[in-house]
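Chemist: A structural model of the following input is requested.
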Amino acid sequence: MPLAPGGTTDILSRYLAQELHKNLGVPVIVENKPGANNIIGTQALAAAPGDGYTMGMLISTHTINPHIAKSLPYDSHKDFIPLALIAKMPGLMTVNPDVPAKTLQELVALAKAEPGTLAYGQPGGLSSGHLSMEYLKKVAGIDILSVPYKGGGPAVVDLAAGHIQVLINSPTSTLPFVRDGKVRAIATTGAKRPAALAEIPTIAESGFPEFELYEWYGLFFPAGTPQEIVDRMNSEIVKIMATPEMARRIEEIGAESSTYTAAQFAEFVGAEDERWGNLIKQLGMKPE
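Modeler: Numbers count the residues shown, from 1 in each chain. Sure, this is the predicted structure:
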């Protein structure tokens with residue numbers, strides 16, 4: 001797992017590990033290998049033997065990194081086998097309660113009236129929250145200052161304190177602040193409203209109909225893993241994802257669970273690679 005403990009990816013990994021342990025009768029251990037924008041943990045997965053004993057829980061950054069990194073220590077397309085999509089999660093846009101905007105339309109109008117005076121938090125460089133906000137700035141024609149953070153947790157704390165005014169972040173770490181009235185939710189980034197955020201309109205509903213971006217979470221095997229192992233593990237994971245308990249757990253964090261086959265997930269990964277690649281070109285970002 002190429003991220004630190006405690007975040008959405010870690011929570012989903014541990015949910016799944018518990019259920020796989022019950023169903024397969026063997027220990028399933030979550031090993032965190034964070035760092036370098038997920039590259040360290042992803043490289044460890046690429047180097048693992050394709051014997052079915054090592055899986056990686058990768059996120060949408062896996063399809064972002066190839067378009068923004070000058071070089072990677074692995075081939076994002078050839079060194080991994082898509083196994084199963086676990087969940088898709090839209091970003092949640094929130095503002096500090098002192099911001100005089102209760103809708104996205106009002107926020108855009110405020111940003112146009114006072115260009116460069118509002119600041120938004122990057123919940124990690126090149127995260128979906130960062131790129132979603134940059135994309136919104138482009139399509140809405142607004143100027144909002146970008147402030148980098150090492151994660152969504154510190155960013156939402158600063159949002160509540162008024163040090164920044166806007167944030168697109170995962171619902172997992174943001175919803176407790178919304179429910180406590182410390183920040184105000186105004187929009188989500190997906191194509192439809194998730195059940196846990198049913199009262200919050202999407203950005204697409206708020207005047208930008210083409211806007212649709214998600215953070216996604218999926219399991220991959222290293223290249224060389226036999227197809228029969230891929231099929232068997234996908235079947236086991238899909239059984240878990242189809243249970244009401246797992247669907248409820250994922251719904252509670254503002255995400256949508258999946259029962260894709262391995263082939264369907266591979267198609268999804270290809271489409272996401274194209275989507276993020278096109279977006280990064282639109283934003284004029286260059287490899288670093």
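Chemist: Mind listing what's buried along the helix ranked longest in the chain?
Modeler: Longest helix in the chain by number of residues, with DSSP state H as the criterion: helix 262-283. When burial is assessed from 16 or more other C-beta atoms under 10 Å, helix 262-283 yields the following buried residues: 262, 265, 266, 268, 269, 272, 273, 275, 276, 279, 280. Every residue, glycine included, has its C-beta placed from N, CA and C.
Chemist: With just CA atoms, put it into PDB.
Modeler: Output of helix 262-283 as PDB, limited to C-alpha atoms (Å, rounded to 0.1, in the frame of the first residue of the first chain):
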ATOM      1  CA  ALA A 262     -10.500  -7.900 -14.000                       C
ATOM      2  CA  ALA A 263     -11.100  -7.200 -17.700                       C
ATOM      3  CA  GLN A 264     -13.600  -4.400 -16.900                       C
ATOM      4  CA  PHE A 265     -11.200  -2.900 -14.500                       C
ATOM      5  CA  ALA A 266      -8.400  -3.000 -17.100                       C
ATOM      6  CA  GLU A 267     -10.700  -1.000 -19.500                       C
ATOM      7  CA  PHE A 268     -11.400   1.400 -16.700                       C
ATOM      8  CA  VAL A 269      -7.700   2.000 -16.000                       C
ATOM      9  CA  GLY A 270      -7.100   2.600 -19.700                       C
ATOM     10  CA  ALA A 271      -9.900   5.200 -19.800                       C
ATOM     11  CA  GLU A 272      -8.600   6.900 -16.600                       C
ATOM     12  CA  ASP A 273      -5.000   7.000 -18.100                       C
ATOM     13  CA  GLU A 274      -6.500   8.800 -21.100                       C
ATOM     14  CA  ARG A 275      -8.700  11.100 -19.000                       C
ATOM     15  CA  TRP A 276      -5.900  12.300 -16.600                       C
ATOM     16  CA  GLY A 277      -3.400  12.600 -19.500                       C
ATOM     17  CA  ASN A 278      -5.700  14.900 -21.400                       C
ATOM     18  CA  LEU A 279      -6.500  16.900 -18.300                       C
ATOM     19  CA  ILE A 280      -2.800  17.400 -17.600                       C
ATOM     20  CA  LYS A 281      -2.200  18.600 -21.100                       C
ATOM     21  CA  GLN A 282      -5.100  21.000 -20.800                       C
ATOM     22  CA  LEU A 283      -3.600  22.400 -17.700                       C
END
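Chemist: Distance from it to the middle of the chain?
Modeler: Chain-centre distance of helix 262-283: 13 Å, with C-alpha atoms, centre = their mean, to the nearest Å.
Chemist: Likewise for stretch 9-29?
Modeler: 20 Å.
Chemist: Equivalent analysis for stretch 269-288, please.
Modeler: That offset, for stretch 269-288, works out to 15 Å (C-alpha atoms, centre = their mean).
Chemist: List of residues touching it?
Modeler: 60, 62-64, 66-70, 76-77, 82, 131, 134-135, 138, 213, 216, 218 (C-beta atoms under 8 Å, 6 or more residues apart in numbering).
Chemist: how does it look with 10 Å?
Modeler: 58, 60-71, 76-77, 80, 82, 85, 88, 125-126, 128, 131-132, 134-135, 137-139, 212-214, 216, 218, 220 (C-beta atoms under 10 Å, 6 or more residues apart in numbering).
Chemist: Filter the residues you listed down to the ones in strands?
Modeler: 58, 80, 82, 85, 88, 214, 216, 218, 220 (DSSP state E).
Chemist: any chance of those residues in CSV, plus neighbour count and distance to residue 237?
Modeler: Below are the ones in strands among the contacts of stretch 269-288 laid out as CSV (neighbours: other C-beta atoms under 10 Å; distance: C-beta to C-beta, whole Å):
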residue, neighbour count, distance to residue 237
58, 26, 14
80, 22, 16
82, 24, 12
85, 26, 9
88, 21, 15
214, 21, 19
216, 24, 15
218, 25, 10
220, 25, 12
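Chemist: Could you verify my assumption that residue 201 touches residue 92?
Modeler: No: when contacts are counted by C-beta atoms under 10 Å, residue 201 is not listed as touching residue 92 (11.6 Å).
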